[in-house]
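K.L.:
Need coordinates for the following:
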Amino acid sequence: MWFWSANSVEQELFDLYAPALQSLGVNFNDEQLQDTLEASSYSLEDAFRSAIVYILWLEENLKPIYPTAILIDALANQWRTKYWKPEYLELEQLLSRGKRLWKAAVYNCSLATLTDSITAPLSSSSASIMVYRSSTKPASTDSL
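P.N.:
Reported below is the predicted structural model:
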């Protein structure tokens with residue numbers, strides 16, 4: 001399938017936007033899409049961004065979505081969008097499966113660390129005792 005050299009700008013753009021497009025349902029194994037990609041290099045980034053924005057809009061408005069056909073049309077007709085936001089690539093639904101798993105693992109690890117530090121036994125230092133006292137019942141200044 002591959003027609004761009006490994007260090008080309010086209011390949012860099014593809015690597016950047018393909019995970020988001022795949023998570024939206026674009027099938028890069030589609031022969032017509034491959035032919036269109038092979039013929040396209042001009043406005044490649046605009047087409048990728050436009051397809052993402054349009055598919056997100058269709059999802060939000062509960063319209064039928066044909067992701068591969070949308071990308072083919074965006075490439076063939078050199079779509080341009082003025083609605084692109086860089087943070088779109090960080091939307092949970094646009095992350096690749098690997099990135100979603102990584103974020104979940106980091107989140108779960110953070111929760112485990114937080115839980116461990118909360119349930120850890122208190123030390124006998126005065127700071128711990130003061131925190132413990134103030135968090136369990138109001139301490140009067142006379143008892144300290």
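K.L.:
Give me the pLDDT for the closest residue to residue 65 other than its chain neighbours.
P.N.:
Excluding the flanking residues, the one nearest residue 65 by Cβ to Cβ, 6 or more residues apart in numbering is residue 58, at 4.8 Å. For glycine as for every other residue, the C-beta is placed from the backbone atoms N, C-alpha and C. Per-residue pLDDT puts residue 58 at 97.
K.L.:
Next, count neighbours for residue 58.
P.N.:
Residues lying near residue 58 (other Cβ atoms under 10 Å) number 16.
K.L.:
That one and residue 36, how far apart?
P.N.:
20 Å (Cβ to Cβ, to the nearest Å).
K.L.:
can you tell me the helix or strand for the residue nearest to residue 65?
P.N.:
helix 44-60 (DSSP states H and E).
K.L.:
cool, residue 32 as well?
P.N.:
In the assignment (DSSP H and E), residue 32 maps to helix 31-39.
K.L.:
Now do that helix: everything it contacts.
P.N.:
1, 3, 14, 26, 27, 28, 68, 71, 72, 75, 76 (Cβ atoms under 8 Å, 6 or more residues apart in numbering).
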